[in-house]
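>>> sequence plus predicted model, see below.
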Amino acid sequence: MRERLLSLLVALVLSLAAAAPAVAVQPDEILADPELETRARELSSQLRCMVCQNQSIDDSEAELARDLRLLVRDRIEAGDTDQEVIDYVVSRYGEFVLLKPQLSARNALLWATPLLLLLCGGLLAFMAFRRHAHAATPLSVEEEAVLEKILKEGD
Amino acid sequence: MSVELGHFALVLALALALVQSFAPLVGARLGHSALMRMGEPAAITVFGLTAAAFAALTFAYVQSDFSVLNVWENSHSAKPLLFKITGTWGNHEGSMLLWVLILALFGALVAAFGRNLPPTLRANVLAVQGLIATAFLLFILLTSNPFTRLVPPPIEGRDLNPILQDIGLAIHPPLLYLGYVGFSISFSFAVAALIDGRVDAAWARWVRPWTLAAWAFLTGGIAMGSYWAYYELGWGGFWFWDPVENASFLPWLSGTALLHSAIVMEKRSALKIWTVLLAILTFSLSLLGTFLVRSGVLTSVHAFATDPSRGVFILAILVFFIGGALALFALRAAALTPGGLFHPISREGALVLNNLLLTTAAATVLVGTLYPLLVEALTGEKISVGAPFFNLTFIPLFLPLLAAVPFGPLLAWKRGDLLAATQRLQVAFALSAICSLAGYLLIDRASALSAIGMALGLWLVLGAVTDLALKAGIGKVAPRMALRRLVGLPLSMFGTALAHAGLGLTVLGIVCVTTLEVERILVMRPGETVEIADYHLRFDNMGPFTGPNYTEDRAAFTLFSGGVVRGEIISSKRLYTARGMPTTEAGIRTIGLSQLYVSIGDNVSDDGLVVRVWWKPMVTLIWLGAVVMMVGGAVSLMDRRLRVGVPAPRRAATATAGKSAR
């Protein structure tokens, strides 16, 4: 525990010192199998660097991010599926590490917002059109006659 | 001495902003014209005084006057002059002063050019503008005074954050603020109209040029920020869905919606209530963005100098203006009469769809940005909402919008003919499909997804061209006649076409670079060559270099294609000595519309160097597209019918008369 705290602290200091980040994946981390490496990159871009400000571990220079990248690659090489890797990382670091929050009751509103708003907005617009369609009833026979008279007078 | 004068000017500006807030407001209520007219000189003087204060601060920066706390914290005598000047707004206090300066500028512009506005409307607009200025001047003077002295003055300053010492930062904040704060005018117009209880087509005509100008600046500001992040942060990303980026993107989304709904209101006097609400919401989002960035409630790539204690003050400003405006809206909205009727398939209908998708997209980004804060505040748990979430939600909302764009201008007002519009767009559709198919077949990295994306971008560009061609009657009338008609088209039509085409270019750039990018990460030794796309890059040597306030290790590369030297690329690791802060300076070579991006990392073993090289196809289109959008906005603004604050009086009068007759 103390070790982990210490490494966190060191990583924090390091990440603050290197406020100008550069792409982080080091040549020695790259997996030999390009297919696995692609999966690792894809997964890394979904995981947050815990000690950085809104950066994925794929973008971060922090030591902790490197550890996490290596961990992801270890799991992939061990034969984990993408979901298993994610689950493993979440079980160790908590949901904070996910840049795409899980579908859960707590996050329901977050995920539902786009759909809910689109439906509500669409419904409102639809109702407004319906109302307008009713409002624009055709002219009665008398009105037509009056209109015709006015138009003739205009000539 | 000049520092104290600047401070004094700012206090005076506050006093006059109070006059600007209340004199015209009371005058408009009592029908007292002399009181109403006091708003104009007050607004112009507030601008003059704020400008004087800003000049005083800039002067202190240029002189490296370290007896001023703000200068000491953010400047250094060895810094190049340009960055001494731009450092003025490269920190919290200075950037807030710039914010207020631009706010006052817009107030002064309304005062100077709004002579043909109805007197009560003009008085109320200036009053609301004055109130906003008062709030933010108070904020600066009470919590973020840039003129605080430091005793005893230190010999040397602490330097500006190195990643801000860049030409991009010189331009980014002023442009961004011109957009952000420019929406205050739309807001003031909306609130003034609600106070007046009168919103008509003429109102939309007056408010549209201001919105257009703010939108064009904001477009430029966001693009500039994106390009800056692209080359300065050293990993070639152009958009990170960072909360601070979102904060500037939100007013852009709702501002774009406002721009379109105001057209419906001006031309057809429909969507009034919605347009007024959007005008309020857009500036509210600007205020929210200011709060998020300046309060330090977010900590992100961008949150540089922040102080949480200020958050409460801005939050109070936020609640007062947003709450007040929405309350006024709730009270008065019912009194606004609905306007012209229209069929769902019509120009109006298309603009409603535009608004629906844009506002939903804005709400999605807003909720995504605030959700982690909410969850943490309510449950104490921490979650992250980042790029994968936004890509998954925002893009599906934006795709149908993009696909629908070319149809909009081809539909008639009131009742349009979708089939006819589709037929007219056949050529554009076929061409974009063929081109993207050709790209798919010729480029081996291309996926089906990239082909569809490219087709969409081309569709937007060709759709805009089709619109102009149809309006000029190309193919229908003799070429000479068509040319004459094309030249004679109203400038606002060119503006629309340019803005839509620019959007298409940006989409094209984003699609190409995200789907076709090539990356190489490797260790290189001098003399070694790496192959990327159709190029070879040779690492020549590494050497030290000393700049005015930094030292750096420069790596020199030579670029070859087909055995021929195409030029040299320098990429470096810099150390800013004052703060001891390292930065990476990417080496970028533009080839056509694409770029080769070289970034260097750590040294390994004796002479090995970690090198990262990207081939970024069509990447420059992302920002060129934004420039084209900006030009579109500017061209629209030059349209005589829309020129800032000059709605030809006679036409405005007939519009109003026509309305009352109805």
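Sure thing, it's come through.
>>> for chain A, give me the ranges with low pLDDT.
Counting by pLDDT under 70, chain A shows low-confidence ranges at A:1-23, A:132-139, A:154-155.
>>> for chain B, what's the nearest residue on it?
Residue nearest to chain B within chain A (C-beta to the nearest C-beta): residue A:99, separated by 3.1 Å. From N, CA and C alone the C-beta is placed, and that goes for glycine too.
>>> just give me the neighbour total for the residue nearest to that residue when sequence neighbours are not counted.
Spatial nearest neighbour of residue A:99, chain neighbours left out: residue B:386 (3.1 Å); criterion: C-beta to C-beta, 6 or more residues apart in numbering or on different chains. Neighbourhood size, residue B:386 [other C-beta atoms under 10 Å in any protein chain shown]: 24.
>>> I'd say residue B:386 and residue A:49 touch.
No - if you go by C-beta atoms under 8 Å, residue B:386 and residue A:49 don't touch, sitting 10.4 Å apart.
>>> what touches both of the two?
residue A:56 (C-beta atoms under 8 Å, 6 or more residues apart in numbering or on different chains).
>>> would you mind giving the domain segments of chain B?
Segmentation of chain B into domains, based on automatic domain parsing, reads B:1-165, B:398-516, B:518-616.
>>> please pull up the helix or strand immediately following the helix or strand encompassing residue B:141.
Here residue B:141 sits within helix B:119-143, counting by DSSP states H and E. Using DSSP H and E, the helix or strand that follows helix B:119-143 in sequence is helix B:167-196.
>>> ok, now which ones touch the closest residue to chain A within chain B?
Nearest residue of chain B to chain A: residue B:386, at 3.1 Å (C-beta to the nearest C-beta). The contact partners of residue B:386, by C-beta under 8 Å, 6+ apart, come to A:48, A:54, A:56, A:99-100, B:241.
>>> from residue B:246, how far off is it?
Distance, residue B:386 to residue B:246, by C-beta to C-beta, to the nearest Å: 11 Å.
>>> residue B:191 now?
In terms of C-beta to C-beta, residue B:191 sits 25 Å off from residue B:246.
>>> and the stretch 501-650 of chain B, which residues reach chain A?
Within the stretch 501-650 of chain B, the positions near chain A by C-beta under 8 Å from any C-beta of the partner chain are B:521-523, B:581-584, B:599, B:601-602, B:604, B:610, B:612.
>>> and with 7 Å instead?
Contacts of the stretch 501-650 of chain B with chain A, taken as C-beta under 7 Å from any C-beta of the partner chain, map to B:521-523, B:581-584, B:599, B:601, B:610, B:612.
>>> among the residues you listed, which two are most distant?
Within these, B:522 and B:581 form the most distant pair, 26.8 Å apart (C-beta to C-beta).
>>> neighbour-wise, which of those two wins?
residue B:581 (19 against 15).
>>> stretch B:87-102 close to chain A?
No - judged by C-beta under 7 Å from any C-beta, stretch B:87-102 stays clear of chain A, getting no closer than 14.2 Å.
>>> contacts for that stretch next, please.
By C-beta atoms under 7 Å, 6 or more residues apart in numbering or on different chains, the surrounding residues in contact with stretch B:87-102 are B:50-51, B:53-54, B:57-58, B:61, B:70, B:73-75, B:79, B:133, B:136-137, B:139-140, B:144-146, B:160, B:164, B:169, B:173-174, B:177-178, B:181, B:294, B:305-307.
>>> just the strands in the chain please.
Answering for chain A, as no chain was given. In chain A, no strands are defined using DSSP state E.
>>> wrong one, I was asking about chain B
Per DSSP E, chain B carries strands over the ranges B:518-524, B:529-532, B:535-546, B:550-561, B:564-576, B:581-585, B:587-591, B:594-604, B:608-616.
>>> and the domains of chain B: which comes nearest residue B:332?
Of all the domains of chain B, domain B:1-165 comes closest under C-beta to C-beta, at 12.7 Å.
>>> report the residue ranges of every domain in chain A.
Using automatic domain parsing, the domain parsing of chain A gives A:2-97, A:108-154.
>>> and the ones you listed as TSV, adding distance to residue B:464 and mean neighbour count?
Listed next are those as TSV, based on distance: least, C-beta to C-beta, whole Å; neighbours: other C-beta atoms under 10 Å in any protein chain shown:
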stretch	distance to residue B:464	mean neighbour count
domain A:2-97	33	17
domain A:108-154	25	12
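>>> mind listing what's buried along stretch B:33-42?
For stretch B:33-42, burial by neighbour count (16 or more other C-beta atoms under 10 Å in any protein chain shown) applies to B:35-40, B:42.
>>> also stretch B:319-331?
B:321-322, B:325, B:328-329.
>>> and which of those is nearest residue B:298?
Taking the buried residues of stretch B:319-331 together and measuring to residue B:298 by C-beta to C-beta, the closest member is residue B:322, at 18.6 Å.
>>> count the neighbours of the residue nearest to the closest one when sequence neighbours are not counted for me.
Setting aside the residues directly before and after it, residue B:322 is nearest to residue B:284 in space (C-beta to C-beta, 6+ apart), at 4.4 Å. Residues lying near residue B:284 (other C-beta under 10 Å) number 21.
>>> hang on, the earlier thing: out of the domains of chain B, deepest packed?
domain B:1-165 (a mean of 21; mean count of other C-beta atoms under 10 Å in any protein chain shown).
>>> ok now that domain, how far from the chain's centre?
When distances are taken as C-alpha atoms, centre = their mean, to the nearest Å, domain B:1-165 is centred 21 Å away from the chain's centroid.
>>> start to end distance for that domain?
Using C-alpha to C-alpha, to the nearest Å, the end-to-end distance of domain B:1-165 comes to 28 Å.
>>> next: stretch A:36-50.
Chord length of stretch A:36-50, first to last residue, is 24 Å (C-alpha to C-alpha).
>>> got the contact list for it?
By C-beta under 7 Å, 6+ apart, stretch A:36-50 touches A:30-31, A:55-58, A:60, A:62, A:64-65, A:68-69, A:72-73, A:76-77, A:82, A:85, A:89, A:93, A:96-100, B:384, B:386, B:388.
>>> okay, and which of the residues you listed map to helices?
A:64-65, A:68-69, A:72-73, A:76-77, A:82, A:85, A:89, A:93, B:388 (DSSP state H).
>>> make TSV from those residues and add distance to residue B:86 to it.
Shown next, in TSV, are the ones in helices among the contacts of stretch A:36-50 (distance: C-beta to C-beta, whole Å):
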residue	distance to residue B:86
A:64	34
A:65	31
A:68	37
A:69	36
A:72	40
A:73	42
A:76	45
A:77	48
A:82	45
A:85	44
A:89	41
A:93	39
B:388	34
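>>> tell me which two in the residues you listed are the farthest apart.
Among the ones in helices among the contacts of stretch A:36-50, A:77 and B:388 lie farthest apart (C-beta to C-beta), at 23.1 Å.
>>> burial of residue A:103, as a residue count?
11.
>>> for the stretch 151-300 of chain B, which spans come out with low pLDDT?
B:299-300.
>>> pLDDT weak spots in the stretch 351-500 of chain B?
For the stretch 351-500 of chain B, not a single residue meets the criterion pLDDT under 70.
>>> near chain A, which residues of it? Just list them.
Residues of the stretch 351-500 of chain B lying near chain A (C-beta under 7 Å from any C-beta): B:352, B:356, B:359-360, B:363-364, B:367-368, B:371, B:375, B:382-389, B:392-393, B:397.
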